[in-house]
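Asker: everything below, folded, please.
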Amino acid sequence: MKLKQILIISMQYPEPKSTAAGSRMLQIISLLKSYRYEVHFASTQPKSEYSVDLSSYGLDTSLIKINDGYFDTFIKRLKPDAVIFDRFMTEEQFGWRIDEHCPKALKILDTEDLHFLREWRERQVNSDGHINLPKRLNDIALRELAAIYRCDWTLMISKVEIEILTKTYGISKHVLFYLPFVYKTKDLLDDKTPPYEERSHFVSIGNFKHKPNLDMVKHTYKNIWPKIRQRLPKAEWHIYGAYCPESVKQFHNSKKGVIVRGRADEVLSALENYRIMLAPLRFGAGLKGKCMDSMRAGTPSMTTKIGAEGIASPQNWPGFVEDQPENFTQKSIELYANEDLWKEKQQKGFDILHKEFDIKSFKDDFKTKITGSFQDLESYRHRNIVGQLLKHHHQRSTKFMSLWIEAKNTLT
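Answerer: This is a model prediction of the structure:
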């Protein structure tokens, strides 16, 4: 019996040691392979020196181009049974071609996080600081919501974002599937992490191509770390992150206790050496990989409501959740110095991972969702009237624009 073929289309190859998004993509790939699907990965960007070797996961890979007729030949030859679009931008570029040449292929969108929500919150940082949703949808929001409707269903990493889409924008839960970061938590809990007395200093981590991380580090450097250092003069703050810009490298100053370390080859091995993880995120969306990794490393964390969103409530956080720099600083110092409190917060992190993010809680449901969609795809699409309308409009407008660009590129 021929195995089902699933194509993943992305703008880049996964870099799990650089980004949380790269780690999540590998989790999805691993789940699909465990269901005995053939998985093919296509990217519009070539591999980097930090890209994971997908052949080690049993995947074939292809380099594709935007606005290029070769994709039509590629997709007709591959004939995938399902296509997963990594973020809405890939659905915009390739969705109409899938509809045209593989109309019976199941279409799944992986948002990673809601881009329009992240961008809206970024603008709010420079205004009144509120994180309420926009009353009028901007271009990014319209594009992202339209892509959700055009797909058969969408992978959502955060329960909070599912609530936003259903309650604020009227999207049916029927087309949203919750799949957060998932782990074999028994293996994590069996691995002993260093105890309190063997740890020291504070740490922050994040891919610096992601604007919330760059803002977080600059905010910490200016508004939080000087006050912590004043109270804990022997403590240091170590900064890790891929693609570290010169503006952050210039923060390195051992006299101020600021150590810029750059890329972490093994994130958990790095984090488990520290006593506290600082993540005062002022904007963002989705689940924060740094907070998940901090729990896995047994390192209590200080974050904000944005950082904790979708993971745990402030009352149950494996550390503390504070939005104001003064309170953030005070609780960071308290957590650093109080061993009993530290151990209590560390255990909360382990409990959250086991209760909310164990792979066993999601593995069967994800498989059932896919197989059920294969069996009932026609009626599934019949119920999605808005998606049919958007496909009709999008296919005509995007198709002819893409073909015009393709023809123009051929002539030049």
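Asker: where does pLDDT dip in the stretch 151-300 of the chain?
Answerer: Residue ranges of the stretch 151-300 of the chain with pLDDT under 70: 189-191.
Asker: now with 80, please.
Answerer: 186-191 (pLDDT under 80).
Asker: and if you look at the stretch 1-150 of the chain?
Answerer: In the stretch 1-150 of the chain (pLDDT under 80), the answer is 1-2, 126-136.
Asker: quick one: the strands in it?
Answerer: Remark: strands assigned in the stretch 1-150 of the chain by DSSP state E, counting those that start in this stretch are 5-10, 38-43, 60-63, 82-86, 106-110.
Asker: which other residues reach the fourth one?
Answerer: Contacting residues not belonging to strand 82-86 are listed as 4-11, 25, 28, 91, 94-95, 98, 102, 105-110, 112, 147, 151, 155, 370, 373-374 [C-beta atoms under 8 Å, 6 or more residues apart in numbering]. (Each C-beta comes from the backbone N, C-alpha and C, glycine too.)
Asker: just the first one next, same as before
Answerer: With C-beta under 8 Å, 6+ apart as the test, strand 5-10 has contacts from 25, 28-29, 32, 37-44, 64, 75, 78-87, 90, 94, 105.
Asker: narrow these to those that are buried.
Answerer: The neighbour-count test (16 or more other C-beta atoms under 10 Å) marks 25, 28-29, 32, 37-44, 64, 75, 78, 80-87, 90, 94, 105 as buried among the contacts of strand 5-10.
Asker: coming back round to it: rebuild the strands of the stretch 1-150 of the chain as CSV, extending it with distance to residue 284.
Answerer: Formatted as CSV, the strands of the stretch 1-150 of the chain follow (distance: least, C-beta to C-beta, whole Å):
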stretch, distance to residue 284
strand 5-10, 21
strand 38-43, 25
strand 60-63, 30
strand 82-86, 19
strand 106-110, 18
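Asker: now the terminal residues of stretch 157-167, how far apart.
Answerer: Taking C-alpha to C-alpha, to the nearest Å, stretch 157-167 runs 17 Å from one end to the other.
Asker: centre of the chain to that stretch, how far?
Answerer: Relative to its chain's centre, stretch 157-167 lies at 15 Å (C-alpha atoms, centre = their mean, to the nearest Å).
Asker: now the strands for the stretch 301-412 of the chain?
Answerer: In the stretch 301-412 of the chain, the strands defined using DSSP E, counting those that start in this stretch lie at 301-303, 319-321.
Asker: who are the packing partners of the first one?
Answerer: What it means is strand 301-303. Contacts defined by 3 or more C-beta pairs under 8 Å, 6 or more residues apart in numbering; DSSP states H and E place strand 301-303 against strand 276-279, helix 289-296, strand 319-321, helix 325-337.
Asker: and for the last one?
Answerer: When contacts are defined as 3+ C-beta pairs under 8 Å, 6+ apart, strand 319-321 sits against strand 301-303, helix 305-308, helix 325-337, helix 339-356.
Asker: looking at these, which is closest to residue 384?
Answerer: Closest approach to residue 384 among those (C-beta to C-beta): helix 339-356, 29.7 Å.
Asker: what are the buried residues along the closest one?
Answerer: 341-342, 345-346, 348-353, 356.
Asker: swap in stretch 262-272?
Answerer: Quick answer for stretch 262-272 (16+ other C-beta under 10 Å): 263-264, 267-268, 270-272.
Asker: ok, now how distant is residue 30 from residue 37?
Answerer: 11 Å (C-beta to C-beta, to the nearest Å).
Asker: before we move on, what about residue 100?
Answerer: Applying C-beta to C-beta to residue 100 and residue 37 gives a distance of 23 Å.
Asker: returning to what we had before: relative to residue 137, which of the strands of the stretch 1-150 of the chain is closest?
Answerer: strand 106-110 (17.5 Å).
Asker: C-alpha coordinates for the closest one, CSV please?
Answerer: Extracted in CSV, the C-alpha atoms of strand 106-110 (Å, rounded to 0.1, in the frame of the first residue of the first chain):
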residue,chain,number,x,y,z
LEU,A,106,-5.4,18.5,2.0
LYS,A,107,-4.2,22.0,2.8
ILE,A,108,-2.9,22.8,6.3
LEU,A,109,-1.6,26.1,7.5
ASP,A,110,1.0,26.3,10.4
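Asker: list the buried residues in it.
Answerer: For strand 106-110, burial by neighbour count (16+ other C-beta under 10 Å) applies to 106-110.
Asker: ok, stretch 359-378 next?
Answerer: Quick answer for stretch 359-378 (16+ other C-beta under 10 Å): 359, 362-363, 366-367, 370, 373, 377.
Asker: list the residues that contact residue 109.
Answerer: Counting by C-beta under 8 Å, 6+ apart, residue 109 makes contact with 84-85, 87-88, 91, 147-148, 151, 153-155.
Asker: those residues into a markdown table, with extra columns for distance to residue 57?
Answerer: Below are those laid out as a markdown table (distance: C-beta to C-beta, whole Å):
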| residue | distance to residue 57 |
| --- | --- |
| 84 | 15 |
| 85 | 19 |
| 87 | 20 |
| 88 | 25 |
| 91 | 23 |
| 147 | 26 |
| 148 | 27 |
| 151 | 24 |
| 153 | 24 |
| 154 | 23 |
| 155 | 18 |
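Asker: buried subset of those residues as a ChimeraX selection?
Answerer: A single ChimeraX command selects the buried members of those (16+ other C-beta under 10 Å):
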select :84,85,87,88,91,147,148,151,153,154,155
